[in-house]
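*Asks:* using only what follows, build the 3D model:
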Amino acid sequence: MSSWIPSPATARQLFYGFVAGVSLSLAGASVASAYRGRRRERTAEIVNRRPIELRSDEVLDGVTGLIGNTPLIRINSLSDALGVEILGKAEYLNPGGSVKDRVALRMIEDAEREGLLHPYTGSRIFEGTVGSTGISIATIARARGYDTTIIMPDDVAIEKVKALEALGADVERVRPASIYVNLAREYALHFSSTHTHGAPASALPPDHTHAHTLKRSDSAVVVTTATPNGTGHSTPTANGHANGHAPPAEALRTRPRGFFADQFENRSNFDAHFDGTGPEIWRQTDGALAAFVAGAGTGGTLAGTGQFLKSMADDVLVVLADPEGSGLYNKVKHGVMYDRREAEGTRRRHQVDTVIEGIGINRVTRNIELALPVVDDAFRITDAEAVSMARFLVQRDGLFLGSSSAANLVACVKLVRKMGWCAGEKVVTVLCDSGTRHYSKFWCVGPPGHDPELTPVLAARRNDAYLAGAGIPVDTGLVQDLLTRPFPPMSSITKI
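*Replies:* Sure, this is the predicted structure:
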């Protein structure tokens, strides 16, 4: 037994080793605790933990004061059925009726800060959009003294066209839809005081030029200043100015300008969500969210909000909801921008082959490039699933939502089922706009205004001729199936 008794020297070494081990363990714990404390301090510095600042005793600065700071609402039916917290950012409560109010305001404010736009100078904003961004731009432009020209596909819901016209925008509906953004750029490039609505290059004189065309270094935004004599003609010289000299700065500042906002490539789109939507969601959930789910049209919401949330907590999942006909799902899953409908030639519509408006695209924009590095997963959403979810929410929650909002919520359900969550995990998504912009295509028969007594519940019960003609079933049982059946194993999920 004496052989097991260590010598004094060995005992001292064991003792010193024990003390060193304990010290290192305590030091490690202290460092980890300090790191967590510093991270909490950093979070507090960046985002005030108050979820929403009450506005009841404030006087807001016009219509733009209403933009942002939207509530986060619990979707009771889905949350209760799944045992989680599915939360929707109620962006349809913005004054322009959609999440795009944030983007429009940021694009215009950034342009004004950079001296590219000046209010009440007869300037005109041009944009290509499927509707919501145009409505938001037209709303803010009216408040800032700008005119607007909106180029949009000719297959969007007529409600959006009527809203734009009511806001005083000039609307041009074009086909094929794939070029509508380029047409808006052309109109801005050829803006002058005699062509305030803009004109395609083919309609302009052969020698038509402009004295001043400005381009932001970080985007494809184009600003064109009208010539002083109102003819739209000038003779450019080597220094880039008409007649060989630059006009006085003040004279240039007050001339009408044509501004192409370019929401698809404009960094202001991303910044609106990185600086606004993301921090708001972080505050409203106290930083305790498991996932953020959103569709992508321009990519700004997914990129800006996703990147902010990832910067605060690496383990927050950022998930894409992608409709039929869009190539983003396969871009996320397989690295290739492709959808089989494009190859099969079976498209029912000429933009993205889906009844869902506002999300889905078949090209990689600058804002989508910013989103792709932070997207963890993607779900394909069918038209039938989105239609079913919209009807389900009206019947169960009294929520009358648009097509992209419904698609986002279908993706939330699919994510929860796939992850096996049931312990109150918080999943946040965006409720982009309301059903009032989708009567004629997504909800009910007839043009807007055909039934002044139509309510959301009655609308949900109407036979939708558009959907029936497109072969899209209206069956709320699809959502019930998603809520109750297990999610299929990965090996059986259709990839393309």
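*Asks:* can you give me the separation between residue 62 and residue 185?
*Replies:* The gap separating residue 62 from residue 185 is 29 Å, by C-beta to C-beta, to the nearest Å. Backbone N, C-alpha and C define where each C-beta goes, glycine included.
*Asks:* for residue 312, that is, sorry about that
*Replies:* 36 Å.
*Asks:* also residue 26?
*Replies:* Taking C-beta to C-beta, one finds residue 26 at 63 Å from residue 185.
*Asks:* do the same with residue 158
*Replies:* Counting by C-beta to C-beta, the gap from residue 158 to residue 185 is 25 Å.
*Asks:* what about these two, which has more around it?
*Replies:* Neighbour tally, residue 158 and residue 185, criterion other C-beta atoms under 10 Å: the higher count belongs to residue 185, 21 against 15.
*Asks:* now that one: closest residue in space that isn't a chain neighbour?
*Replies:* residue 260 (4.9 Å; C-beta to C-beta, 6 or more residues apart in numbering).
*Asks:* I figured that neighbour hits residue 127, correct?
*Replies:* Yes: Residue 260 is within contact range of residue 127, at 7.3 Å (criterion: C-beta atoms under 8 Å).
*Asks:* identify the contacts common to these two.
*Replies:* Taking C-beta atoms under 8 Å, 6 or more residues apart in numbering as the criterion, residue 260 and residue 127 both touch residue 184.
*Asks:* so between those two, which is more surrounded?
*Replies:* Ranked by neighbour count (other C-beta under 10 Å), residue 260 and residue 127 place residue 127 first, with 31 against 27.
*Asks:* hang on, the more buried one packs against residue 140?
*Replies:* No: using C-beta under 8 Å, residue 127 is not in contact with residue 140, being 11.6 Å away.
*Asks:* all strands of the stretch 51-200 of the chain, in order?
*Replies:* 72-74, 85-90, 124-128, 147-153, 170-174 (DSSP state E, counting those that start in this stretch).
*Asks:* hey, which of those is tucked in deepest?
*Replies:* strand 124-128 (a mean of 28; mean count of other C-beta atoms under 10 Å).
*Asks:* how about the CA coordinates for that strand, as CSV?
*Replies:* Extracted C-alpha coordinates of strand 124-128, given in CSV (Å, rounded to 0.1, in the frame of the first residue of the first chain):
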residue,chain,number,x,y,z
ARG,A,124,-40.3,62.9,-61.5
ILE,A,125,-39.6,59.4,-60.0
PHE,A,126,-39.7,56.4,-62.3
GLU,A,127,-39.9,52.8,-61.1
GLY,A,128,-40.7,49.4,-62.4
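*Asks:* give the other helices and strands that it contacts.
*Replies:* Secondary-structure packing of strand 124-128 (3 or more C-beta pairs under 8 Å, 6 or more residues apart in numbering; DSSP states H and E): helix 132-144, strand 147-153, helix 180-189, strand 257-260.
*Asks:* which of these sits closest to residue 405?
*Replies:* helix 132-144 (11.4 Å; C-beta to C-beta).
*Asks:* how about the secondary structure of residue 404?
*Replies:* Here residue 404 is helix, with the state taken from DSSP: H, G, I helix; E, B strand; the rest coil.
*Asks:* that one: how many residues sit nearby?
*Replies:* Counted with other C-beta under 10 Å, residue 404 comes out at 31.
*Asks:* ditto for residue 314
*Replies:* Neighbour number of residue 314 under other C-beta under 10 Å is 8.
*Asks:* which helix or strand contains it?
*Replies:* In the assignment (DSSP states H and E), residue 314 maps to no helix and no strand.
*Asks:* likewise residue 318?
*Replies:* Secondary structure from DSSP H and E places residue 318 in strand 317-323.
*Asks:* helices or strands up against that strand?
*Replies:* strand 291-295, helix 300-312, helix 328-334, strand 377-381, helix 403-419.
*Asks:* put together a markdown table for the ones you listed, with mean pLDDT and distance to residue 391 on each row.
*Replies:* Shown next, in a markdown table, are the helices and strands packed on strand 317-323 (pLDDT from 0 to 100; distance: least, C-beta to C-beta, whole Å):
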| stretch | mean pLDDT | distance to residue 391 |
| --- | --- | --- |
| strand 291-295 | 97 | 19 |
| helix 300-312 | 97 | 24 |
| helix 328-334 | 93 | 24 |
| strand 377-381 | 96 | 15 |
| helix 403-419 | 95 | 9 |
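*Asks:* pick the most deeply packed of the ones you listed.
*Replies:* strand 291-295 (a mean of 28).
*Asks:* tell me which strands that one pairs with, and in which orientation.
*Replies:* strand 317-323 (parallel), strand 426-431 (parallel) (DSSP bridges).
*Asks:* on that earlier part again, out of the helices and strands packed on strand 124-128, flag the one nearest residue 266.
*Replies:* Nearest to residue 266, of the helices and strands packed on strand 124-128 and by C-beta to C-beta, is strand 257-260 at 9.4 Å.
*Asks:* what's in contact with the helix or strand just after the closest one?
*Replies:* Next helix or strand after strand 257-260 toward the C-terminus (DSSP H and E): helix 267-272. Contacting residues not belonging to helix 267-272 are listed as 102-103, 105-107, 110, 218-219, 263, 298-300, 303-304, 307, 366-367, 370 [C-beta under 8 Å, 6+ apart].
*Asks:* now, of those residues, which are buried?
*Replies:* 102-103, 105-107, 110, 219, 263, 298-300, 303-304, 307, 366-367, 370 (16 or more other C-beta atoms under 10 Å).
*Asks:* count of neighbours near residue 382?
*Replies:* With other C-beta under 10 Å as criterion, residue 382 counts 17.
*Asks:* do I have it right that it meets residue 326?
*Replies:* No: judged on C-beta under 8 Å, residue 382 makes no contact with residue 326 at a distance of 11.8 Å.
*Asks:* could I get the full set of helices for the stretch 351-496 of the chain?
*Replies:* 366-371, 383-397, 403-419, 456-461, 465-469, 477-484 (DSSP state H, counting those that start in this stretch).
*Asks:* which of the ones you listed has the lowest mean pLDDT?
*Replies:* Mean pLDDT is lowest for helix 456-461 among the helices of the stretch 351-496 of the chain, at a mean of 46.
*Asks:* pLDDT weak spots in the stretch 101-250 of the chain?
*Replies:* 176-180, 192-222, 224-250 (pLDDT under 70).
*Asks:* 80 instead, please
*Replies:* Flagging of the stretch 101-250 of the chain using pLDDT under 80 yields the residue ranges 130-131, 155-157, 175-182, 190-250.
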